[in-house]
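Peer 1: Coordinates only, no sequence provided:
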Ligand SMILES: Nc1ncnc2c1ncn2[C@@H]1O[C@H](COP(=O)(O)OP(=O)(O)OP(=O)(O)O)[C@@H](O)[C@H]1O
């Protein structure tokens, strides 16, 4: 029997007033896939990911995570998912280790929690800040602890909104390796990013989004069509108009 797709979206839409943030999207992310979502600012990526994560109710359509409908079988869908979304608040008065211990208890990780927390803190180079409160973390450190929280219960599907934003190159490499291992072990990653070379290097498939719609979807080679992903992006989205600004000279 073929496994259910990790993420299946059918006719998903979301409006904010007159603005259509997500416009009737159908998308299938197969299990075991490293999948990238790219698009310009305001394309609707965060809105789409928030609906997938079950944190924003769609106006129309449905989301299934590993075969579980996020409305009808919400508990099961949330159980199999790890999420890191933009603007997700963290408990500021805990240290990174305390937050992972707390997450492990909430998620019922049990005896494996110490080893997992140690591995994640080490790989994400947060172990040196073991006793630092989250309120004192840098932006990049907050991203990294958010990723560790998402991974602690070893979910089947990881939904990550811009996990490489504000991350230094060495840490980005560590995160790429970590996510690569997770996918090699059968996990599914769905992430958004503005960093095209990371998407090209890590993802098997990519979707290009603009104005709430998916303009192209396929393997990196299919979507890039002999060029680079950045070139395809510019071709599909268009380049902002350029003009000479006299006062800059
Ligand atoms: N809570 C909200 N209320 C009103 N409008 C919103 C809200 N959230 C998003 N929008 C609008 O929906 C559209 C899509 O926004 P979204 O944040 O999903 O884009 P994005 O692709 O994630 O952008 P970025 O790359 O800049 O993070 C934008 O026009 C945005 O202004």
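Peer 2: Nice, I can see it. Given the structure is predicted, the values throughout are model-derived calculations rather than measurements.
Peer 1: So residue 44 is in contact with residue 24, correct?
Peer 2: No: with contact defined as C-beta atoms under 8 Å, residue 44 does not reach residue 24; the gap is 11.4 Å. C-beta coordinates here come from the backbone N, C-alpha and C atoms, glycine included.
Peer 1: and these two? which has more neighbours close in?
Peer 2: With neighbours defined as other C-beta atoms under 10 Å, residue 44 and residue 24 compare such that residue 44 has more, 25 against 15.
Peer 1: how far away is the most centrally placed residue in the chain from the ligand?
Peer 2: The chain has residue 160 as the residue nearest its centroid, 1.6 Å off, counting by C-alpha atoms, centre = their mean. Residue 160 sits 13 Å away from the ligand, going by C-beta to the nearest ligand atom, to the nearest Å.
Peer 1: Shouldn't that residue be within a strand?
Peer 2: Yes: counting by DSSP: H, G, I helix; E, B strand; the rest coil, residue 160 is found in a strand.
Peer 1: Let me see the contact set for it.
Peer 2: 83-84, 147, 150, 189-192 (C-beta atoms under 8 Å, 6 or more residues apart in numbering).
Peer 1: Can you give me the buried ones in the top helix by length along the chain?
Peer 2: In the chain, taking DSSP state H as the definition, the longest helix is helix 169-184. Of the residues in helix 169-184, 171-172, 174-176, 178-179, 182-183 count as buried by neighbour count, 16 or more other C-beta atoms under 10 Å.
Peer 1: what does it contact?
Peer 2: Here helix 169-184 makes contact (C-beta under 8 Å, 6+ apart) with 32-34, 123-125, 140, 144, 147, 151, 158, 163-164, 167, 189, 191, 198, 201-202.
Peer 1: Which residue is the nearest non-sequential neighbour of residue 150?
Peer 2: residue 82 (3.6 Å; C-beta to C-beta, 6 or more residues apart in numbering).
Peer 1: right, is the helix or strand the one you found falls within up against the ligand?
Peer 2: Taking DSSP states H and E as the criterion, residue 82 maps to strand 81-84. No: judged by C-beta under 6 Å from any ligand atom, strand 81-84 makes no contact with the ligand; its nearest approach is 13.7 Å.
Peer 1: contacting residues around that strand?
Peer 2: With C-beta under 8 Å, 6+ apart as the test, strand 81-84 has contacts from 53-55, 65, 143, 146-147, 149-153, 155-161, 163.
Peer 1: In PyMOL, how would I select just the buried ones from these?
Peer 2: Selecting only the buried entries of those in PyMOL, with 16+ other C-beta under 10 Å as the criterion:
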select buried, resi 53+54+65+143+146+147+149+150+151+152+153+155+156+157+158+159+160+161+163
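Peer 1: Of the contacts of strand 81-84, which belong to strands?
Peer 2: Of the contacts of strand 81-84, the ones assigned to strands by DSSP state E are 65, 157-161.
Peer 1: Done for today, thanks.
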